[in-house]
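> give me coordinates for this.
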Amino acid sequence: MLHLAQSGTQNPLVPNLTELILGAFAFFLIFGVLAKILLPRISKVLTERTDAIEGGLQRAEEAQAEAQRVLEQYRAQLADARQEASRLREEAREQGAQIIAEMREQASAEARRLVQAAHSQIEADRAQALQTLKAEVGSLAVDLAGRVVGESLSDEARQRRTVERFLTELEQQPEAAAR
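Next comes the predicted model:
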């Protein structure tokens, strides 16, 4: 280094004064232009961007709040629908039970009617069989009495009286035996 200082050449680390002044002037000129023109634009763009981001966040919060309200409405509607479905199922069960009870009552009434009709038919058949049996027994009794007496009992009035007397005696025998 000493060698360079003695040779009269300028030190490369020390700048030339004119270059230093020109460089400083250019720096301040560019800095001033940037500060006057570019800095407000950058500031404006940054402000707009901040507003857009904040507005986007606000819109997102509003959308989220709206989504939450809609979700709550859907949940309330779903709860109402479930409650309505439960009520309808219960009504259907009650109606089903009522229909079953009515059908059982109708079946029971029909069964009673059929039993009553069967009893009436049996009673009518029994009465008819008894009447037929009395006629048969009467006819047999007249024939038998005619053979025992040895004469014909062809008189109808006499036959009836004999049959009636015979049947009355037959009916009284089981009553007497039961006592």
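
> any figure for the gap between residue 138 and residue 61?
Distance of residue 138 to residue 61, computed by Cβ to Cβ, to the nearest Å: 113 Å. Placement of C-beta: from N, CA and C, glycine included.

> so those two - more neighbours on which side?
Counted by other Cβ atoms under 10 Å, residue 138 and residue 61 do not tie: residue 138 has more neighbours, with 17 against 10.

> in three-state terms, how would that one be classified?
The three-state assignment at residue 138 reads helix, by DSSP: H, G, I helix; E, B strand; the rest coil.

> surely it meets residue 168?
No: taking contacts as Cβ atoms under 8 Å, residue 138 lies outside contact range of residue 168: 11.9 Å.

> chain center to stretch 105-124, what's the gap?
With Cα atoms, centre = their mean, to the nearest Å as the basis, stretch 105-124 stands 41 Å off its chain's centre.

> ugh, wrong one, stretch 114-127
Between the centre of stretch 114-127 and the centre of its chain there are 49 Å (Cα atoms, centre = their mean).

> number of residues surrounding residue 163?
For residue 163, the count of nearby residues is 20 (other Cβ under 10 Å).

> quick one: pLDDT of it?
pLDDT, residue 163: 72.

> can you tell me the closest non-neighbouring residue to it?
residue 138 (3.4 Å; Cβ to Cβ, 6 or more residues apart in numbering).

> roughly how far apart are the one you found and residue 121?
From residue 138 to residue 121 the distance is 25 Å (Cβ to Cβ).

> next: residue 169.
Counting by Cβ to Cβ, the gap from residue 169 to residue 121 is 30 Å.

> cool, and residue 65?
Residue 65 sits at a distance of 82 Å from residue 121 (criterion: Cβ to Cβ).
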